[in-house]
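Novice: Okay, sequence plus prediction incoming.
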Amino acid sequence: MNRYVALLRAINTPPRHVKMDRLRTIVRGAGFENVATYIASGNVIFDAEPSSDLAHRMEAALSDALGFEVPVFLRTSHEFVEIADRDPFNGAPGSLEVSFLPAVPDAMAARSLVDTATATDRLAVIGREVYWLHDGPRITSDHKESTVVRLLGMPTTQRSSNTVRKIADRFLR
């Protein structure tokens, strides 16, 4: 049995409101064990036997129960702890966000994304994650998650590095 983190896209954004107890019940009903959630933004921690279809199983269960598609971005506990501990900007000041991708992006597309960085928005693509360091409030940034989706040609879900670290510390270490 392995520990996993599932990051759900667009949960608890209007009109997709889902109570965390219902989310845990759905995930348990799909055969996953030791299910926990962290804050109401679609972070599900669970145990399962390793299988290549875990994300698809969860997506199908969520779609059946909720009546809408919910993309699932799955990481093993080991991968997630590595992401939480990664510092791609060597301690530079600012707020760090992590965008989770379903696959490693094409190298040219990743380079195009990194090239959109500005003096106040630094970007790094490492594996299946995009790291965004920004100065000041994210609302004032020129960087948009839609740029990541457009340039990389794939969906994402984003979490603050604080949320990523708290999940790693509370559930995985």
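Specialist: It's in. Numbers count the residues shown, from 1 in each chain.
Novice: mind giving me the domain split of this structure?
Specialist: Recorded structural domains for the chain (assignment: automatic domain parsing) are 2-79, 85-172.
Novice: For my notes, please list those in JSON lines and give mean pLDDT for each entry.
Specialist: What follows is the domains of the chain, written out as JSON lines (pLDDT from 0 to 100):
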{"stretch": "domain 2-79", "mean pLDDT": "96"}
{"stretch": "domain 85-172", "mean pLDDT": "95"}
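Novice: Present these as JSON lines; the columns should include mean neighbour count.
Specialist: In this view, the C-beta of every residue, glycine as well, is placed from N, C-alpha and C. JSON lines is the format used below for the domains of the chain (neighbours: other CB atoms under 10 Å):
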{"stretch": "domain 2-79", "mean neighbour count": "17"}
{"stretch": "domain 85-172", "mean neighbour count": "16"}
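Novice: which helices and strands does the helix ranked longest in the chain pack with?
Specialist: Longest helix in the chain, counting residues (DSSP state H): helix 54-66. For helix 54-66, the packing partners by 3 or more CB pairs under 8 Å, 6 or more residues apart in numbering; DSSP states H and E come out as strand 2-8, helix 20-29, strand 72-76.
Novice: Try it again at 7 Å.
Specialist: In terms of contacts (3 or more CB pairs under 7 Å, 6 or more residues apart in numbering; DSSP states H and E), helix 54-66 is packed against helix 20-29, strand 72-76.
Novice: Now find how far off-centre stretch 84-95 is within its chain.
Specialist: 17 Å (CA atoms, centre = their mean, to the nearest Å).
Novice: residues in contact with the nearest residue to residue 60 once chain neighbours are set aside?
Specialist: Sequence neighbours aside, residue 30 is the residue nearest to residue 60 in space, at 7.7 Å (criterion: CB to CB, 6 or more residues apart in numbering). Each residue near residue 30 by CB atoms under 7 Å, 6 or more residues apart in numbering is listed here: 57-58, 61.
Novice: Of those residues, just say which sits nearest to residue 19.
Specialist: Nearest to residue 19 among those: residue 61, at 16.0 Å, using CB to CB.
Novice: right, and that closest one touches residue 26 too?
Specialist: Yes - using CB atoms under 7 Å, residue 61 is in contact with residue 26, at 5.7 Å.
Novice: Just read off the phi/psi values of the residue lying farthest from the centre of the chain.
Specialist: Taking CA atoms, centre = their mean as the measure, the residue most remote from the mean C-alpha position of the chain is residue 119, 25.1 Å away. Here is the backbone geometry of residue 119 (degrees, to the nearest 10): phi -60, psi -30.
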